[in-house]
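*Asks:* pasting the structure only:
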DNA sequence: ACGAATTAAATGCATATACATCTAATGTGT
DNA sequence: ACACATTAGATGTATATGCATTTAATTCGT
């Protein structure tokens, strides 16, 4: 139970610090998570629901998050060839570069929160 | 770093389960936290900023959260006698009863998430 | 093969939250 | 004592998110 309080405190501290610091890269924590997931897995394409699962966000939240990333040209959407209801989400070179640039910040924030 | 992922996963699971289950008591997780804090500390009155700190929420979020709780008659606000900028927040009997009723649910959710 | 059920993603809508600002009250320096 | 800075809390506004619904496409049962 104290564990839950501790988890809440650490989560709040880390999340808000990530918001503050990642803003320098024009990213929010959720946007970072999506891009990071894509780079880490290294696939060409991702389905929206897969990204929603990876980020613990709802399908609708991901739909809009991807729209934001697309507007910023960090990802692009294309039709899924084997199921035309779906879309493929692909990270762009800009998106990849943005993520790589932001990773040290992300890592530093987490180290600061968890060590300190 | 896997620790951070794990924390995010546990937080998301617990928080959404709390939203779902506490809804049966007409409470959100944040409302529960505020009431729980007040009952646990056992003081008569609380200042808004103190509650904001306790819940990792902003002052403005707390102002509105308290307004919701007041509308539901779970707390009441009164003037702070020694600093007329401030307000005193006090839990009502209804608020106390509501919290006590919700506590087993809260505890059960956390046990389910952290044991399972 | 066709209609019903299901599924993927987008969108309308409601809401919780943060930031900036506002108002009122308190504190401070000279 | 008076002007200025600071502080407490409320509120305008913007936004991210979730739920419910919508639309389009697929799957399934007969």
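*Replies:* On my side now, so go ahead. Given the structure is predicted, the values throughout are model-derived calculations rather than measurements.

*Asks:* can you pull the contacts of the residue positioned nearest the centre of chain A?
*Replies:* Residue closest to the average C-alpha location in chain A (CA atoms, centre = their mean): residue A:33, at 2.2 Å. Applying CB atoms under 8 Å, 6 or more residues apart in numbering or on different chains to residue A:33 gives the contacts A:54-55. Glycine gets a C-beta too; all of them are placed from N, C-alpha and C.

*Asks:* how about the helix or strand hosting it: buried residues?
*Replies:* If you go by DSSP states H and E, residue A:33 is part of helix A:29-41. Neighbour-count burial for helix A:29-41 flags A:29-38 (criterion: 16 or more other CB atoms under 10 Å in any protein chain shown).

*Asks:* and those as a markdown table, adding pLDDT?
*Replies:* Below are the buried residues of helix A:29-41 laid out as a markdown table (pLDDT from 0 to 100):
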| residue | pLDDT |
| --- | --- |
| A:29 | 98 |
| A:30 | 98 |
| A:31 | 98 |
| A:32 | 98 |
| A:33 | 98 |
| A:34 | 98 |
| A:35 | 98 |
| A:36 | 98 |
| A:37 | 98 |
| A:38 | 98 |
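
*Asks:* in chain A, where is pLDDT below threshold?
*Replies:* A:116 (pLDDT under 70).

*Asks:* what about the helix or strand following the helix holding residue A:33, near DNA strand D?
*Replies:* Next helix or strand after helix A:29-41 toward the C-terminus (DSSP H and E): helix A:48-55. No - applying CB under 7 Å from any atom of the strand, one finds helix A:48-55 out of contact with DNA strand D, separated by at least 7.7 Å.

*Asks:* go on, stretch A:57-67?
*Replies:* Yes - Stretch A:57-67 lies within reach of DNA strand D by CB under 7 Å from any atom of the strand, at A:57-61, A:64-65.

*Asks:* any buried residues in that stretch, and which?
*Replies:* Neighbour-count burial for stretch A:57-67 [16+ other CB under 10 Å]: A:57, A:62, A:65-66.

*Asks:* now intersect the residues you listed with the helices, please.
*Replies:* Among these, DSSP state H puts A:62, A:65-66 in helices.

*Asks:* let me know the closest of these to residue B:111.
*Replies:* Nearest to residue B:111 among these: residue A:62, at 29.9 Å, using CB to CB.

*Asks:* hmm, residue A:53 and that closest one touching each other?
*Replies:* No - Residue A:62 is not in contact with residue A:53 according to CB atoms under 8 Å; the separation is 9.2 Å.

*Asks:* in this structure residue A:29 contacts residue A:15, no?
*Replies:* Yes - contact criterion CB under 8 Å: residue A:29 and residue A:15 qualify, at 6.0 Å.

*Asks:* contacting residues around residue A:87?
*Replies:* Counting by CB under 8 Å, 6+ apart, residue A:87 touches A:47-48, A:77-80.

*Asks:* nope, residue A:21 is what I meant
*Replies:* Per CB under 8 Å, 6+ apart, neighbours of residue A:21: A:105-106, A:108-109.

*Asks:* just put the residues of stretch A:57-67 next to DNA strand D in CSV and tack on distance to residue A:92.
*Replies:* Output for those, formatted as CSV (distance: CB to CB, whole Å):
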residue, distance to residue A:92
A:57, 21
A:58, 24
A:59, 22
A:60, 23
A:61, 21
A:64, 18
A:65, 15
